[in-house]
Every structure is written in structure tokens, then in C-alpha cells.
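Engineer: mind looking at a prediction? Sequence and model below.
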Amino acid sequence: MAGSRVSASGARLVYRTGTGRLCPHCQQSMATCRCGKQPKPAAVTAGVTTGPVRVGRQTQGRGGKGVTVISGLNLAQAALEGLAKELKSRCGSGGRVVGGVIEIQGEHRDTLVAELARRGVVAKRAGG
């Protein structure tokens, strides 16, 4: 392929520390790419960010009771509350939405990561 940089192992560069993400076709930074072949952002469910969605557990300020916390979702408040309602129903538990973060009572990290993956959201289990 003309113009593409390939390492000795045959792998293309996708990130450079000083530049950031690189276009897979012309190997220029995504901001300066002019080849017009930039990949489209990954399509995920209604407005969810492509950044990290973390599913963790917290007990701070709750008298030792644990809650599962989902952060990193970039949804409008109404959509976030709708998703929270569906996830609470899935877990059979209560919860709330506070400051763009969904809190669900109890330890449900594995269930929620699986449910978010089923919906097309890449979520990672956070914490130990």
C-alpha cells in the first residue's frame, strides 16, 4: 500500500504519544488527516459516549451498605433515568441517578456489565 506505514511485524500504528490517534490509512493524526477515509465513530446505543463506562462498587457514607455505581454514560437526564429504571428492574433492586451517575443498591457489577454489553455499551468492571 502506498503511503501507509507498516512495522516489521505487519501491524499499523494507531496511536503516537505526541500526536494521539492516527488515521489507519494515511498514518496522520486524526485532526490533520486529509485522506477522507477516517473510520466513522463506533455506533453505540443512543448517545452513549465511546469513552470508558465503569461499573464499580462504593460503600462510602452509606453505613457499610454497598451500591453499584455506573459512571461514564453520556446521556440526557431523562434517558439516564430511563436506563436506570430498566437496570434496577433487571437487578431487582432500588437505586437512583445522582449527578450523571447511576447508583443501584447491592453488588450487581457482573450482571450490569453483561446487560450493558448486551445493549452494545462497552463497560468495564472497576474495583476489586
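Structural biologist: Cool, the structure landed.
Engineer: where does the protein have low pLDDT?
Structural biologist: Scanning the chain for pLDDT under 70 picks out 1-10, 38-51, 128.
Engineer: ok, now with 80
Structural biologist: In the predicted model, the chain carries pLDDT under 80 at residues 1-25, 27-51, 127-128.
Engineer: give the buried residues for the helix or strand harbouring residue 55.
Structural biologist: Element membership for residue 55, per DSSP states H and E: strand 53-58. Neighbour-count burial for strand 53-58, counted by 16 or more other CB atoms under 10 Å, picks out 53, 54, 55, 56, 57. Quick note: C-beta positions are derived from backbone N, CA and C, even for glycine.
Engineer: also stretch 117-128?
Structural biologist: Burial within stretch 117-128, assessed by neighbour count using 16+ other CB under 10 Å, is assigned to 121, 123, 126.
Engineer: and what of stretch 76-95?
Structural biologist: Across stretch 76-95, burial judged by 16+ other CB under 10 Å covers 80, 83, 84, 87, 88, 91, 93, 95.
Engineer: ok, then the element right after the host helix or strand of residue 86?
Structural biologist: With secondary structure defined by DSSP H and E, residue 86 is part of helix 77-91. Beyond helix 77-91 on the C-terminal side, the first helix or strand identified by DSSP H and E is strand 95-98.
Engineer: coming back round to it: need the buried residues of strand 53-58 in JSON lines (columns: distance to residue 36).
Structural biologist: Below are those laid out as JSON lines (distance: CB to CB, whole Å):
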{"residue": "53", "distance to residue 36": "30"}
{"residue": "54", "distance to residue 36": "34"}
{"residue": "55", "distance to residue 36": "37"}
{"residue": "56", "distance to residue 36": "40"}
{"residue": "57", "distance to residue 36": "45"}
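Engineer: specify the residue ranges that define each domain of this protein.
Structural biologist: Partitioning the chain according to automatic domain parsing yields domains covering residues 1-39, 53-125.
Engineer: so what's the residue nearest to residue 112 when sequence neighbours are not counted up against?
Structural biologist: Taking CB to CB, 6 or more residues apart in numbering as the measure, residue 112 lies nearest to residue 55, with 5.1 Å between them; neighbours along the chain are not counted. For residue 55, the contacting residues are 68, 69, 70, 109, 112, 113, 116, 123, 124, 125, 126, by CB atoms under 8 Å, 6 or more residues apart in numbering.
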